[in-house]
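Chemist: my questions concern the predicted model and sequence given below.
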Amino acid sequence: MDKKRLNKRQQRLERERRLKKKRRKRIIIIMVELLILAGLGVVAYGMFVMDKMDTTTLNTDDLNIYKSTGDYTNIALFGLDSREGELDGGVQSDCMMIASINNKTNEVKLISLYRDTLLKQENGKYQKANSAYHTGGPAEAIALMNRNLDLDIEKYISVNFNALADIIDALGGIDLDFTEDEIKYTNMYCDETEIVVGRETSRLEGAGTHHVDGIQAVAYSRIRYTSGMDFERTHRQRIVLEKIVEKAQSANVITLNKLINEIVPQISTNLTTGNFLALASKATNYKLSEMSGFPFEVTTCDNVKGHKGSYVAPVGLAKNVTELHQFLFGKEDYDPSDEVKEANDAIIELTGVDPETYKDTTDFTYKSGGEESDTSEKQNSK
């Protein structure tokens, strides 16, 4: 009798064990299915986003790519002086930046290329940097960066005034610090920016910190008449971009979805769905650190041989490229390519600005240095 009870008990325990095992298997299968569905959902969403963008395909043979910079992803960022929404050429690049991502540390450094810098163009002639986008669209603008700076840029993102203003509005505005001069000129630029963007804003009063909307922020980033002229303007553009990144990293899902739906159709890029998803997956981990303008040491020059108007002349292009590779990639004593050295000699011949004999004899000289971002300072203080 006891033996029968024991057998029944063992049989019951065995059934329960098998049922538990089946349940665990079901749970594992369900979890795997959910993970697959989630993955497919992310990919589908990525494809949905990319489908809304003005995506292009660039031939890498046209980009003058120099040798690899190693564990870094370098992306060209263009802010276009586009009044009719043009994104793929025929307009000047009002803002030219390089975002360099350290793929090991997720540290991001920003470099602004001064738009009036005299650099070698595709046809071998020397013109202002921002003319490349007008002549050959993003492909030639990227090629100009690679050709003159020994870089390996393949990807780009372009936006116009409208997109930048919409991005800031979708994020609920940003906080900026103003001097009295900046208040005056921001209000002046608001007049034109309102017409381009197609909506109105208020005017700012008094120096200090102001919470600004998209139009006001765009107007601020366009100022070039205060001390520092166009060089200081690129500094303002980097500040605005930094504030956008900081705000986006802390935004909720609803805000980010609104941002994507409103802004993505106004962006031109050659990022693939895979590129987009890879960048998006690390978005909250990226740390914006140092920022600067390039060339690091420049002067204005009104007497360029065979040219009319005022240009920005690097005080030694090769020397500045060496400093750039130290700044972005930590390379000590970088030796520029023969093409950069040839461009260096040509610019000296055209401008007379020789780093070996240069004196502060022109109207304006500017030397930028690495500026630690507010975001980096906050992270370091934690």
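Modeler: Sure thing, it's come through.

Chemist: all strands for the stretch 101-250 of the chain, in order.
Modeler: 107-113, 118-120, 126-128, 155-160, 174-178, 208-212 (DSSP state E, counting those that start in this stretch).

Chemist: could those be laid out in JSON lines, adding mean pLDDT, distance to Thr186 and mean neighbour count?
Modeler: All C-beta spots, glycine's among them, are computed from the backbone N, C-alpha and C. Shown next, in JSON lines, are the strands of the stretch 101-250 of the chain (pLDDT from 0 to 100; distance: least, Cβ to Cβ, whole Å; neighbours: other Cβ atoms under 10 Å):
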{"stretch": "strand 107-113", "mean pLDDT": "93", "distance to Thr186": "19", "mean neighbour count": "23"}
{"stretch": "strand 118-120", "mean pLDDT": "97", "distance to Thr186": "29", "mean neighbour count": "25"}
{"stretch": "strand 126-128", "mean pLDDT": "95", "distance to Thr186": "25", "mean neighbour count": "20"}
{"stretch": "strand 155-160", "mean pLDDT": "88", "distance to Thr186": "19", "mean neighbour count": "23"}
{"stretch": "strand 174-178", "mean pLDDT": "95", "distance to Thr186": "7", "mean neighbour count": "17"}
{"stretch": "strand 208-212", "mean pLDDT": "96", "distance to Thr186": "8", "mean neighbour count": "15"}
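
Chemist: and the helices in the chain?
Modeler: Assigned by DSSP state H, the helices in the chain fall at 2-52, 131-149, 161-170, 180-197, 214-221, 229-249, 253-263, 273-281, 317-329, 338-351, 374-381.

Chemist: those: lowest mean pLDDT?
Modeler: Lowest mean pLDDT within the helices of the chain: helix 374-381, a mean of 48.

Chemist: between the strands of the stretch 101-250 of the chain, which one is nearest to Gly352?
Modeler: Distance to Gly352, taken as Cβ to Cβ, is lowest for strand 118-120 among these, at 11.8 Å.

Chemist: distance from that closest one to the middle of the chain?
Modeler: 22 Å (Cα atoms, centre = their mean, to the nearest Å).

Chemist: what pairs with that strand, and is each one parallel or antiparallel?
Modeler: strand 126-128 (antiparallel) (DSSP bridges).

Chemist: run through who's touching the partner strand.
Modeler: With Cβ atoms under 8 Å, 6 or more residues apart in numbering as the test, strand 126-128 has contacts from 115-121, 304, 307, 311-312, 343, 346-347, 350.

Chemist: Ile111 pairs with what?
Modeler: Ile98, Ser292.

Chemist: if I read this right, it contacts Thr117, doesn't it?
Modeler: No: the criterion here is Cβ atoms under 8 Å, and Ile111 misses it with Thr117 at 12.0 Å.

Chemist: which residues do those two both contact?
Modeler: With Cβ under 8 Å, 6+ apart as the test, Ile111 and Thr117 both reach Phe294.

Chemist: Lys308: neighbouring residues, count only.
Modeler: 7 (other Cβ atoms under 10 Å).

Chemist: next, the contact list for it, please.
Modeler: With Cβ under 8 Å, 6+ apart, Lys308 has no contacts at all.

Chemist: okay, and the beta partners of the closest residue in space to Pro138 that isn't next to it in sequence?
Modeler: Leaving aside its sequence neighbours, Pro138 sits nearest to Tyr156 (Cβ to Cβ, 6 or more residues apart in numbering; 4.8 Å). Note on Tyr156: beta-bridge partners Ala76, judged by DSSP bridges.
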